[in-house]
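Chemist: Starting from these lines, generate the structure:
(one chain, ligands or ions: 1)
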Amino acid sequence: MSADDIEIRRLARDDPADPALYQAIRLEALQANPEAFGSTFDVESEKPLSWFADRLGDWTVLGAFRNAQLVGVAYFAVQQGQKRAHKGGLWGMYVRPVARKAGVGRRLVEAICDLARQQVELIQLTVVRDNEQARRLYARLGFLEYGLEKNALKQGGRYYDEVLMAKDLVGE
Ligand SMILES: CC(C)(COP(=O)(O)OP(=O)(O)OC[C@H]1O[C@@H](n2cnc3c(N)ncnc32)[C@H](O)[C@@H]1OP(=O)(O)O)[C@@H](O)C(=O)NCCC(=O)NCCS
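Modeler: Got it, this is the predicted structure:
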């Protein structure tokens, strides 16, 4: 597979299939890589389909499709509040194992940056410090590390530090 075979499009709340596709990949992500996300499978697996559909309306959730199969997702949202509205965030990045190491992650981050550029000046994200592959991906695409939150997440008695990263979208 090459990244050229991938179609990136927004998942839509009102589409007949998208909410269920999003629910399935989101729950898979939380089960497969619990250390990578702030939320948990236990919490989100209790939610009805309508909750996942609403997220597609509230945020911009991009899906990466290969042969009509959803293989990856990432979300973008502008920050809340007048004084923060010049900043946006990238969250929930996940590529199914079968589609990894072929540029899908890169395509998703590039697509998020392209739409963020039309709405905000800066895009931010957090990534667990041990997640070197994701950190490398973001760094390659111009995200700079600007901070570290020690013990940002705690699960099962274990703490995880998070690296704060941002990409300046003005004057690129
Ligand atoms: C992190 C993650 C999103 C990366 O997705 P991906 O689709 O594998 O990303 P890419 O393919 O763009 O890049 C990954 C690697 O494949 C390499 N690659 C890309 N295209 C390639 C190709 N055609 N042939 C060989 N290698 C390739 C990249 O150079 C990169 O190498 P590196 O790890 O040495 O830096 C994915 O591993 C994942 O979902 N992980 C679990 C969840 C997670 O950690 N999410 C991030 C939360 S912040």
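Chemist: CA atoms for contacts and neighbours, from now on please.
Modeler: Fine.
Chemist: Touching, residue 87 and residue 124? I think so.
Modeler: Yes. Shown here, residue 87 and residue 124 form a contact pair, counting by CA atoms under 8 Å, at 7.4 Å.
Chemist: all strands for this protein, in order.
Modeler: With DSSP state E as the definition, the chain shows strands at residue ranges 7-10, 60-66, 69-78, 87-95, 122-128, 144-155, 158-168.
Chemist: hey, what's in contact with both of residue 87 and residue 124?
Modeler: Residues touching both residue 87 and residue 124 (CA atoms under 8 Å, 6 or more residues apart in numbering): there are none.
Chemist: okay, and for the protein, where does confidence drop off?
Modeler: Applying pLDDT under 70 to the chain picks out residues 1-4.
Chemist: Up against the ligand, what does it have?
Modeler: Near the ligand, the residues belonging to the chain are 2, 33, 36, 93-95, 100-106, 127, 133-134, 136-137 when assessed by CA under 6 Å from any ligand atom.
Chemist: Keep only those of the residues you listed that are in helices.
Modeler: Residues of the residues of the chain next to the ligand located in helices (DSSP state H): 104, 105, 106, 133, 134, 136, 137.
Chemist: quick one on the thing from earlier: any chance of TSV for the strands of the chain, columns mean neighbour count?
Modeler: As requested, those are exported to TSV (neighbours: other CA atoms under 10 Å):
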stretch	mean neighbour count
strand 7-10	17
strand 60-66	23
strand 69-78	22
strand 87-95	21
strand 122-128	21
strand 144-155	14
strand 158-168	18
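Chemist: I'd like those strands as CSV, with distance to residue 111 appended.
Modeler: Formatted as CSV, the entries for the strands of the chain read as follows, by distance: least, CA to CA, whole Å:
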stretch, distance to residue 111
strand 7-10, 8
strand 60-66, 8
strand 69-78, 9
strand 87-95, 11
strand 122-128, 12
strand 144-155, 18
strand 158-168, 14
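Chemist: Of the residues of the chain next to the ligand, select the buried ones using a PyMOL command.
Modeler: If you want just the buried ones from the residues of the chain next to the ligand in PyMOL, going by 16 or more other CA atoms under 10 Å, the selection is:
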select buried, resi 36+93+94+95+103+104+105+106+127+134
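Chemist: Spell out which residues sit in contact with residue 40, please.
Modeler: For residue 40, the residues meeting the contact criterion (CA under 8 Å, 6+ apart) are 30, 31, 34.
Chemist: ok, 7 Å please
Modeler: Taking CA atoms under 7 Å, 6 or more residues apart in numbering as the definition of contact, the neighbours of residue 40 are 30, 34.
Chemist: ok, it to residue 11 distance?
Modeler: Here residue 40 is placed at a distance of 22 Å from residue 11 (CA to CA, to the nearest Å).
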